[in-house]
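A.B. asks: with the sequence up front, the predicted model follows.
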Amino acid sequence: METRVIETRIHEEAGTNLGAELIRRGELVAFPTETVYGLGANGLDAAAVEKIFEAKGRPNDNPLIMHVSNKNEAKKLWGHIPKTLNALMDAFWPGPLTLIFNKSDRVPDAVTAGLPTVAVRMPQGKTANLLIRKAGVPIAAPSANLSGRPSPTSASHVFRDLNGRIPLILDGGECGFGIESTVLSLVGKPTILRPGAVTKEMIEAVIGPVELSDCLLKPLAEGKAALSPGMKYKHYAPNARVLVVLGEPKEAAKRISELYVQYSLEDLSCEIAATEQTARFYRGKNYTVLGDRNEPLTLCRNLFSALREMDERAEVILAEGVNAEGTGLAFMNRLLRAAGFEIENG
Ligand code: AMP
Ligand code: MG
């Protein structure tokens, strides 16, 4: 299959028209959102949804998020709408918050992997919004990468993974947030299953106390069922070995420099994922500055693209950990999974 790429900054109408037509015909379309690129199919068509799992090589016990262009469309996907759900839609949509609640009969099992609940979100951004509106159906979409790989934050990442497997990529440039949405379950006590740019504190300001799933920063306990498959042991991972070094910036940088020398002597090529605060410690070594430690969203924005780029050059990636607070939690959640939880202390 030939994969077409259409730049929506230039051809937004034509691109979203073609995309919507493909979606209605039961085909797949990759599209930009403010979080990462999504791989979309008609969310009410089980056969179309199956194609997503095939194209990504995704295990089909892993449910998908339904993307809608307005709140009314979302309401039709849930059985009923508690007050908290309404309040959260009003506060954060469109935006990087996915809400999980009991599903209505309209939602096929293929989307929810047989779960009685469905995850729904309204993305920000004109292309995604136009595509969903024109398609006239909710669009089921996971991230548009091969299963297990870092999520795509540009059309070229999608092309690299899915060229020949899907008919169309809408290229809307780089994603603003660069990591996936916050996933919040409202079944029982409100619980964050995946941290993102919308933080616990921001949600609590709207609905009161929110729990954090207990495996956001550690692997799922043996034998425990995953509430959300992003919780799997290794995920978002490059081919290179990734090692996370925790600790104060200076100590972490010192330990990373030692490891760099050690691995280089073993003839392993290394790359360092650094921060603005520590870059000066790595002169003469291969490093990439992700962003500012005090503004974890800047780290999030560059994490996946940096992992992909470093992966081209290195067998070992040495990355600094940061405080897992605020949006730092989302960063550490992704980084630790990319590393398969391989951690050292600086
Ligand atoms: P991705 O496939 O990268 O877009 O991620 C989608 C995320 O949403 C995964 O972590 C899913 O496990 C999660 N998700 C989707 N639907 C549900 C659901 N009904 N219950 C729990 N998690 C869900
Ligand atoms: Mg994904």
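C.D. replies: Now that the structure is in, tell me what you want to look at. Numbers count the residues shown, from 1 in each chain. Ligands and ions are numbered 1, 2, ... in the order given.
A.B. asks: next, count neighbours for the residue lying closest to residue 287 once chain neighbours are set aside.
C.D. replies: Nearest residue to residue 287 in three dimensions, chain neighbours excluded: residue 272, at 3.9 Å (C-beta to C-beta, 6 or more residues apart in numbering). Every residue, glycine included, has its C-beta placed from N, CA and C. Per other C-beta atoms under 10 Å, the neighbour tally for residue 272 reads 26.
A.B. asks: verify the stated contact: residue 272 with residue 260.
C.D. replies: Yes - with contact defined as C-beta atoms under 8 Å, residue 272 reaches residue 260; the gap is 6.5 Å.
A.B. asks: closest residue of the stretch 1-150 of the chain to ligand 1?
C.D. replies: residue 142 (2.8 Å; C-beta to the nearest ligand atom).
A.B. asks: mind checking how far the closest residue to that residue other than its chain neighbours is from residue 107?
C.D. replies: Computed as C-beta to C-beta, 6+ apart, the closest residue to residue 142 that is not its neighbour in sequence is residue 64, at 5.3 Å. Residue 64 sits 10 Å away from residue 107 when distances are taken as C-beta to C-beta, to the nearest Å.
A.B. asks: shared neighbours, those two?
C.D. replies: residue 43 (C-beta atoms under 8 Å, 6 or more residues apart in numbering).
A.B. asks: neighbours of the residue of the stretch 1-150 of the chain found nearest ligand 2, how many?
C.D. replies: Among the residues of the stretch 1-150 of the chain, residue 143 lies closest to ligand 2, at 3.3 Å counting by C-beta to the ion. Residue 143 has 29 neighbours, counted by other C-beta under 10 Å.
A.B. asks: was I right about it contacting residue 38?
C.D. replies: Yes - contact status for residue 143 versus residue 38: in contact at 6.6 Å, counting by C-beta under 8 Å.
A.B. asks: which residues in the stretch 51-200 of the chain form strands?
C.D. replies: In the stretch 51-200 of the chain, strands defined by DSSP state E, counting those that start in this stretch lie at 65-67, 97-102, 117-121, 139-141, 168-171, 182-185, 191-194, listed in chain order.
A.B. asks: could I have the CA atoms of the second one written out in PDB?
C.D. replies: Taking C-alpha atoms only, strand 97-102 is exported to PDB below (Å, rounded to 0.1, in the frame of the first residue of the first chain):
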ATOM      1  CA  LEU A  97      -7.100  14.800  29.300                       C
ATOM      2  CA  THR A  98      -8.700  11.400  28.500                       C
ATOM      3  CA  LEU A  99     -11.700  10.500  30.700                       C
ATOM      4  CA  ILE A 100     -12.800   6.900  31.400                       C
ATOM      5  CA  PHE A 101     -16.300   5.900  32.400                       C
ATOM      6  CA  ASN A 102     -18.800   3.200  31.700                       C
END
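A.B. asks: understood, closing this out.
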